[in-house]
Every structure is written in C-alpha cells, then in structure tokens.
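Chemist: Here's a sequence, model it:
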Amino acid sequence: MMNEINAGILDSGANRANNQNSASRAPESKTLSKISGKTPTPIIQVRDLCTAYGDTLIHDNISFDIYQGEIFGILGGSGSGKSTLLRTMILLNRPKSGSVKIFGKDIWQLQDKRDLLTRCGVLFQFGALFSSLNVLENVGIMLEEYSNYPKSSIIEVAKYLIERVGLTPSAYELYPHELSGGMKKRVGLARALALNPEVLFLDEPSSGLDPASAQKLDELICELQADMNMTIVMITHDLDSIRDATNRFLMLKNGKIEFLGNLKELKEQISNLSKDNLFFSKRGERLWKDA
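Modeler: Purely as a prediction, here's the structure:
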C-alpha cells in the first residue's frame, strides 16, 4: 500500500503536468511558454485588492495573475506588505475590498473552505511546527486530519516526505527545539506537501538561513515543482531566490505593484522604475544586469 501512496503523490503531479499549458520550470527558463498560441492559465487571480490595518492602507487596488505551474515570487522591502498579501491569499487576513480567486473561485465568498485548504499547502516563515510533536508527528498531522489513511501508512508517508525534503531518518524522533533553522524549514515544507497540493505558498523560505543553506533550499523548491508540478508562490526579500528559482515576480512598493514580469522584462523596463527601490542597490543591480 505504501508504494501505491508514494506513487500516487508523484503520479498526480505528473498528470497535472500533462494537462497544463503553463510555465517552463524555473531552472530551465525564466519566461512563460505559450503553447500553440494559447496564453497560460491563471490559477490565482487577484483583482483590485485593498488591504488595511485600521486606517493604514497596505495594498492599494492591486491586480495580478499567477499562472498554473509557475514559481511566482512576491518581492518587497521590509514593511511592503508581502506577508499581508500572503495572509490574504490563505484566508488569514480579510481584504478591505477586491477579490482573490483560486481555482476560479473567490476564496472570501466560499461557504465551505475545506476543499480549498486541502488543495493548497503553506510553509510559514518560521516553520510553525508544534513544539509538543516530533518531526514524524508534525509531518503526519495533516494526513491524520484530512485523510483516511491508517496510522501505519501515515507514518510511512511522513517518512517518505521527510527524506524527500533532504532530511535523514535520524530526524524522525527529534522535536522542534532540537532542530536547526534549516531543518525546521524542511520539516515545515514536508508537512506542507503532505496532501499533495496544487498550490504551495512559501513565506520567506530562505529567511534566517546562511547563503549555502538558502541556495540548497531554492534548488529543492525547483526540484519539487518539477516532480510534483505545483504552482508555487514564494514571498521573499531574497534577490538570489528571485534570480535562481522564479519564473516571474512582482515588486511591492508603497502599496502598489512597482514591477511585474521576469528578469528579462525587468532589464528592459528598469529605466522606467523609481530609483529608490531594491533593484538599484548593488545587489539589486546584479539581479537584472546579468539577465
């Protein structure tokens, strides 16, 4: 049974690949392909979105699409509203106005949100692991809640996912306080993958990691997208992650979208952007000058 479950995780991803006319994988191409003249299929549609905390406006009437099968980055400086935007897309922060559609449905109008929640996975910035559960239990908890698998199969699926994200069996019985920052992120990623999501949201996945660990995590994200054919939405301020892992990205600034596109388009449009954003820092210039 275990082999059938593991095969199912990858097979359903392969089926999504066969059915989608969408983005090339990030390591192979930074641009969206258009197959037979057809435009890519939006899996997330944000329209005229406004968010606020009290009287403080965070997002001012922003609109964008995220296409099926791409790795899409949401970039911005500290306080630009990246995490608020993520929280709005995962039903944690109700917008002031506007809409967020995922799988063609306005998520804030859904009466039953269970189907949406089981089709999406989330890696929170600091892992959000349960401190009283070990690694196996943390990864398996989603399957206990949302599947009919027997306990023995849940344990085997959890082991498979833990090893798939690059951890060894020695981590199975460890508790969150015994894990490094990078290990916590990988455990959180394994848990986010437990229900084989069609959309995976990542909140600052490389935050707090050393450069080598951050690069390895970016590589893992690209591998997982290729294997499971998910759409991945990555919240980040890491310019290296934007360069190495995304097909397209947007840049938030002062409540608006400062830029939306890929690196080639950024280079073409750079002269039209305000000079006080991340793209004109020394690190930012390396991002687009080499595109």
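
Chemist: Where does Ala212 fall, secondary structure wise?
Modeler: Using DSSP states H and E, Ala212 falls within helix 211-228.

Chemist: quick one: the following helix or strand past that helix to chain centroid distance?
Modeler: Next in sequence after helix 211-228, counting helices and strands by DSSP H and E, comes strand 231-236. Here the centre of strand 231-236 is set off from its chain's centre by 3 Å, with C-alpha atoms, centre = their mean, to the nearest Å.

Chemist: likewise stretch 118-128?
Modeler: Worked out by C-alpha atoms, centre = their mean, stretch 118-128 lies 8 Å from the chain centre.

Chemist: Contacts for that stretch next, please.
Modeler: With contact meaning C-beta atoms under 8 Å, 6 or more residues apart in numbering, stretch 118-128 is reached by 83, 90, 102-103, 146, 176, 184-185, 187-189, 191-195, 197-205, 207-208. Just so you know, the C-beta spots here come from the backbone N, C-alpha and C atoms, and that holds for glycine as well.

Chemist: Buried members of those residues into PyMOL, please.
Modeler: Selection of buried members from the contacts of stretch 118-128 for PyMOL, criterion 16 or more other C-beta atoms under 10 Å:
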select buried, resi 83+90+102+176+184+185+187+188+189+191+192+193+194+195+197+198+199+200+201+202+203+204+205+207
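
Chemist: who touches Lys253 in this structure?
Modeler: Counting by C-beta under 8 Å, 6+ apart, Lys253 touches 76-77, 80, 274, 277.

Chemist: change it to 7 Å
Modeler: Lys253 makes contact with 76, 80, 277, according to C-beta atoms under 7 Å, 6 or more residues apart in numbering.

Chemist: And for Glu178?
Modeler: For Glu178, the contact set (C-beta under 7 Å, 6+ apart) is empty.

Chemist: sorry, back to before: now, which of the contacts of stretch 118-128 lie within strands?
Modeler: Those of the contacts of stretch 118-128 mapping onto strands are 102, 199-203, per DSSP state E.

Chemist: how about low-confidence regions in this structure?
Modeler: 1-38, 126-127, 278, 282, 284-285, 287, 289-291 (pLDDT under 70).

Chemist: all helices for it, in order.
Modeler: With DSSP state H as the criterion, the chain has helices at 2-19, 82-89, 114-119, 135-146, 151-164, 181-192, 211-228, 239-245, 263-269, 282-289.

Chemist: Is it possible to get JSON lines of those that adds distance to Gly98?
Modeler: Supplementary listing: the helices of the chain in JSON lines, determined by distance: least, C-beta to C-beta, whole Å:
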{"stretch": "helix 2-19", "distance to Gly98": "28"}
{"stretch": "helix 82-89", "distance to Gly98": "9"}
{"stretch": "helix 114-119", "distance to Gly98": "18"}
{"stretch": "helix 135-146", "distance to Gly98": "29"}
{"stretch": "helix 151-164", "distance to Gly98": "35"}
{"stretch": "helix 181-192", "distance to Gly98": "26"}
{"stretch": "helix 211-228", "distance to Gly98": "28"}
{"stretch": "helix 239-245", "distance to Gly98": "25"}
{"stretch": "helix 263-269", "distance to Gly98": "25"}
{"stretch": "helix 282-289", "distance to Gly98": "29"}
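
Chemist: With that, I have no additional questions.
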